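Colleague: Just a sequence and a predicted model for now, questions to come.
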Amino acid sequence: MLQFVLKRWFLLSLTGLIVLGMALGGTLPSVVKPLADAMNPLVTTAAILFLMSFSLETRQLQAALRTPGPVLLGAALNIGLAPVLGLALMAPQGLVDFQYGLLVASCVPCTMAAASVWTRKAHGNDAISLLVTLATNSASIVTIPFWLALATAWFPISHATDSAGLVAHVAWLDLRQTTIELLVGVLLPIIFGQFARQPTRLSDWALRRRMEISAVAQVLILVMVWTAAVKGGFRISQTKLVISLDSVLLAWGSVIAVHLTTLYAGLYCSRILGVSRADQIAVA
């Protein structure tokens, strides 16, 4: 049992914190929501990317930049295939909130912090995941408004819902604010992480402690997930929508379908390119 828990501690914690966060957000918002609101996800994301960059050998980044094929493939799947899948699965959703929620989940940039952590845990090339993160976040200024504009043309929102406000907010991104968040939350942490490891003593220490540093990054991801769960539980408790179990299961299955299809497309396409196994894992 101990081995089971040690091997799967993150997944067990993830499940528990999502359930607990949503329950507390819906029942005790006055207690937990101020705490969740105080946790800035931009700061947490920057901390995670700094840790991942600090523990990444510079030569890996240089090699990924010299042969950018896997990076371009990973970015193309993220900003091209995933949104198409999300768009295709919008029609069956029972609620307009779930329609646009699915699309937003499909077209947002590559998961900034988790992508590098999972790649490293799977013994993949995490330099590629960092560069894909940087590329997809930079492109999101154009790609997110494009996919949302296309979706609203095909699935017009005929009545006021939470999704209407969400789409209006996301479709017209504040270019200045988005650029600042990209610099602070993604680019600068990666650069500072590489600068911080330049002294030989620090780079040797980071290399020896790679897995421990990754574990700290995972804990920070759990903090972000709990924060989002609390806010989600609060929003659900405030909504007047009737959410059936069928609609939840359909949305859940659709999200899994988008993830798995894109993942196996990454594996298959990277194998065609003939890249190494580590690079295939990173793309997937």
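Modeller: The structure has been received and is ready for your questions. Numbering: from 1, shown residues only.
Colleague: Now do residue 115, the pLDDT please.
Modeller: At residue 115, the pLDDT value in this model is 82.
Colleague: Okay, and it sits in which element?
Modeller: Element membership for residue 115 (DSSP states H and E) is helix 114-121.
Colleague: Using PDB, list the CA coordinates for that helix.
Modeller: Extracted C-alpha coordinates of helix 114-121, given in PDB (Å, rounded to 0.1, in the frame of the first residue of the first chain):
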ATOM      1  CA  ALA A 114       2.500  20.800 -16.000                       C
ATOM      2  CA  ALA A 115       3.700  20.000 -19.500                       C
ATOM      3  CA  SER A 116       7.400  20.100 -18.500                       C
ATOM      4  CA  VAL A 117       6.800  18.200 -15.300                       C
ATOM      5  CA  TRP A 118       5.000  15.400 -17.000                       C
ATOM      6  CA  THR A 119       7.600  15.200 -19.700                       C
ATOM      7  CA  ARG A 120      10.400  14.900 -17.200                       C
ATOM      8  CA  LYS A 121       8.500  12.300 -15.200                       C
END
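Colleague: buried ones in the helix or strand following that helix?
Modeller: Later in the chain than helix 114-121, the nearest helix or strand by DSSP H and E is helix 126-154. Neighbour counts over helix 126-154 (16 or more other C-beta atoms under 10 Å) mark 126-140, 143-144, 147-148, 151-152 as buried. Where you see a C-beta, it was placed from the backbone N, CA and C, and this is true even at glycine.
Colleague: Let me know the distance separating residue 155 from residue 241.
Modeller: Note on residue 155: its distance to residue 241, by C-beta to C-beta, to the nearest Å, is 17 Å.
Colleague: okay, those two: which has more neighbours?
Modeller: Remark: of residue 155 and residue 241, residue 155 carries more neighbours, 17 against 13, as counted by other C-beta atoms under 10 Å.
Colleague: Look at the more buried one and report its pLDDT.
Modeller: pLDDT, residue 155: 74.
Colleague: what's it in contact with, if anything?
Modeller: By C-beta atoms under 8 Å, 6 or more residues apart in numbering, the contact set of residue 155 is 90-91, 96, 99-100.
Colleague: Whichever of these end up buried, select them in ChimeraX.
Modeller: Buried members of those can be picked out in ChimeraX with the line below, counting by 16+ other C-beta under 10 Å:
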select :90,96,99,100
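Colleague: out of the contacts of residue 155, who's nearest residue 35?
Modeller: Nearest to residue 35 among these: residue 100, at 28.2 Å, using C-beta to C-beta.
Colleague: element containing the closest one?
Modeller: For residue 100, the host element (DSSP H and E) is helix 96-107.
Colleague: so what secondary structure elements neighbour that helix?
Modeller: Using 3 or more C-beta pairs under 8 Å, 6 or more residues apart in numbering; DSSP states H and E, the elements in contact with helix 96-107 are helix 82-88, helix 126-154, helix 162-171, helix 245-273.
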